[in-house]
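Trainee: Sequence and computational prediction follow.
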Amino acid sequence: MSNYPFKRMFVVVMDSVGIGEAPDAEQFGDKGADTLGHIAEKMEGLKVPNLEKLGLGMIKKAPGISAVSSPEASYGIMEEASQSKDTMTGHWEMMGLYIGEPFQTFPDGFPPDLIGKLEEATGRKVIGNKVASGTEIIEELGEAHVKSGDLIVYTSADSVLQIAAHEDIVPIEELYDICEKARKMTYDPPYMLGRIIARPFVGDAGSFERTSNRHDYALKPFGQTVLNYLEDSSLDSLAVGKISDIFDNEGITDSLRTTSNMDGMDKLMQTIRRDFTGLSFLNLVDFDAKFGHRRDPIGYGKAIEEFDQRLPEVMESLNEDDILIITADHGNDPVHPGTDHTREVVPLLAYSPSVTPGRDLGTRKTFADVGATIAENFNVPMPEYGSSFLSILNKNGDK
Ligand SMILES: O=P(O)(O)O[C@H]1O[C@H](CO)[C@@H](O)[C@H]1O
Ligand SMILES: [Mn+2]
Ligand SMILES: [Mn+2]
């Protein structure tokens, strides 16, 4: 028996699976956004029996998703407090930080002095330098890049500087080195960019394909997160998928990289089979990168169905004193105009074999409630933001 209500907590972030516009969606240009709802409509009914059994229909009704009489999980809705809808802010807030000022974005491309510095430091010219979708810009400029060796630099509505390069033209190690240089140049004000992202691709003109050698170089979280508190208390803080990039390795005791959502689920299972005490924190980025930004509601719907099919295996493998929390970090409605994230509320489903299911966790005003719950469970310092819902899960002391 462990000393904690839950010996192991598994947090699964379905990247960008929002469940409807946030109260402040209009400020973000996202009125009417509804990632899950619109996908379910396009799919003419989403087949997610396992999420439905957990209680998804208690917080979101959509074609194929209905409320059940006895949900197996406790359920709620979370709003993001931070003034941003990107991945870093979503995850940092989940672990207890509040980001008041959004990171800087560059809707007109990066200023000439920064591009000049990058060209000087890398010995390669820059092409692109505009807001673009990653798959479209390699179609547009990939051939020119292959001929000249120039770097394709682009950004988005997020605070990102992305560098795309063909793996045969700019070897991966060189691309990573270039990104590290770009990271150093933009770490501090006036740029203070959220992320530099290496975007390697392969193939021939007309059929270029991005590879899983993508690498993100984030800023360090602006303060201590629950991950640091776990690490400081000699508990495990396992990062699966992009989590270690998102936190720039802060507060992470072990990191397992992934190549896809299904690989992410395999690695989650690996952590379930390990003996540890603490957190296993997984991000499933395909929803966002492969389908949300690509505005592909059918691909997105199938990916959600595929995820759903993996849930029984996960739930059956959990020990009595484990808990699984499923949530998301922002929306990315594939039928919304543009190709960017959308300001939405996210699902909160919490399942443990030993907890009386079906508790209503209500509408949480910040993602930080997840971090606060983890902190209270492991008796580590509480984050500045967030209030724990552990007592709701434990109500009646029946755990
Ligand atoms: O269009 P691609 O290259 O997938 O980029 C998307 O991925 C970035 C990071 O998640 C976002 O900022 C968005 O620009
Ligand atoms: Mn995200
Ligand atoms: Mn994204």
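Mentor: Received it, and whenever you're ready, just let me know what you need. Ligands and ions are numbered 1, 2, ... in the order given.
Trainee: Just want the residue of the stretch 251-399 of the chain that's nearest ligand 1.
Mentor: The stretch 251-399 of the chain approaches ligand 1 most closely through His293 (4.5 Å), counting by Cβ to the nearest ligand atom. C-beta coordinates here come from the backbone N, C-alpha and C atoms, glycine included.
Trainee: I'd guessed that residue sits against Gly338; true?
Mentor: No. Applying Cβ atoms under 8 Å as the test, His293 and Gly338 come out as separate, 9.6 Å apart.
Trainee: tally of neighbours for the residue nearest to Glu209 when sequence neighbours are not counted?
Mentor: Spatial nearest neighbour of Glu209, excluding adjacent residues (Cβ to Cβ, 6 or more residues apart in numbering): Gly203 at 4.8 Å. For Gly203, the neighbour count with other Cβ atoms under 10 Å is 15.
Trainee: With the one 3 residues further on instead?
Mentor: Using other Cβ under 10 Å, Gly206 has 8 other residues around it.
Trainee: From Ser212, how far off is it?
Mentor: The spacing between Gly206 and Ser212, counted by Cβ to Cβ, to the nearest Å, is 21 Å.
Trainee: what's the helix or strand for Lys53?
Mentor: For Lys53, the enclosing helix or strand under DSSP states H and E is helix 49-54.
Trainee: which parts of that helix are buried?
Mentor: Applying a neighbour-count criterion of 16 or more other Cβ atoms under 10 Å, one finds Asn50, Leu51, Glu52, Lys53, Leu54 buried in helix 49-54.
Trainee: what would these look like in a markdown table with distance to Glu119 and pLDDT?
Mentor: Formatted as a markdown table, the buried residues of helix 49-54 follow (distance: Cβ to Cβ, whole Å; pLDDT from 0 to 100):
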| residue | distance to Glu119 | pLDDT |
| --- | --- | --- |
| Asn50 | 51 | 98 |
| Leu51 | 48 | 98 |
| Glu52 | 53 | 98 |
| Lys53 | 55 | 98 |
| Leu54 | 51 | 98 |
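Trainee: Switch the residues you listed over to a markdown table; also include distance to Arg8.
Mentor: Formatted as a markdown table, the buried residues of helix 49-54 follow (distance: Cβ to Cβ, whole Å):
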| residue | distance to Arg8 |
| --- | --- |
| Asn50 | 20 |
| Leu51 | 21 |
| Glu52 | 25 |
| Lys53 | 22 |
| Leu54 | 18 |
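Trainee: closest to ligand 1 among the residues you listed?
Mentor: Closest approach to ligand 1 among the buried residues of helix 49-54 (Cβ to the nearest ligand atom): Leu51, at 23.7 Å.
Trainee: residue of this structure with the smallest distance to ligand 2?
Mentor: Ranked by Cβ to the ion, the top residue of the chain for proximity to ligand 2 is Thr87, at 3.2 Å.
Trainee: Now do the same contact list for the residue lying closest to that residue once chain neighbours are set aside.
Mentor: Spatial nearest neighbour of Thr87, excluding adjacent residues (Cβ to Cβ, 6+ apart): Asp329 at 5.6 Å. Each residue near Asp329 by Cβ atoms under 8 Å, 6 or more residues apart in numbering is listed here: Val13, Asp15, Ser16, Thr87, Gly90, His91, Met94, Asn283, Val346, Phe367.
Trainee: Equivalent analysis for Lys117, please.
Mentor: Neighbouring residues of Lys117 by Cβ under 8 Å, 6+ apart: Met185.
Trainee: cool, Glu21 as well?
Mentor: Glu21 neighbours (Cβ under 8 Å, 6+ apart): Asp30, Lys31, Gly32, Ala33, Asp34, Thr342, Arg343, Glu344, Val345.
Trainee: Would you mind listing which of the residues you listed are buried?
Mentor: By neighbour count, with 16+ other Cβ under 10 Å, those hold Asp30, Ala33, Asp34, Thr342, Arg343, Glu344, Val345 as buried.
Trainee: Is Val13 located within a strand, as I assumed?
Mentor: Yes. Counting by DSSP: H, G, I helix; E, B strand; the rest coil, Val13 falls inside a strand.
Trainee: Any buried residues in stretch 210-225, and which?
Mentor: So stretch 210-225, judged by 16+ other Cβ under 10 Å, has buried residues Arg210, Arg214, His215, Asp216, Tyr217, Ala218, Leu219, Pro221, Gln224, Thr225.
Trainee: for the fifth one, what are its contacts?
Mentor: Applying Cβ under 8 Å, 6+ apart, we find Tyr217 in contact with Cys179, Glu180, Ala182, Arg183, Arg195, Ile196, Ile197, Ala198, Asp245, Asp248.
Trainee: list the contacts for the fifth one?
Mentor: Contact analysis of Arg195 by Cβ under 8 Å, 6+ apart lists Met88, Asp158, Ser159, Val160, Leu161, Asp216, Tyr217, Ala218, Leu219.
Trainee: how much space is there between Leu318 and Thr258?
Mentor: 20 Å.
Trainee: Tell me which of the two has more neighbours.
Mentor: Set Leu318 next to Thr258 and count neighbours by other Cβ under 10 Å: Thr258 wins out with 22 against 17.
Trainee: and Cys179, what are its phi and psi?
Mentor: Backbone torsions for Cys179, taken as degrees, to the nearest 10, come to phi -70, psi -40.
Trainee: mean confidence for stretch 343-350?
Mentor: For stretch 343-350, mean pLDDT is 98.
Trainee: How far does that stretch sit from its chain's centre?
Mentor: Per Cα atoms, centre = their mean, to the nearest Å, the displacement of stretch 343-350 from the mean C-alpha position of its chain is 12 Å.
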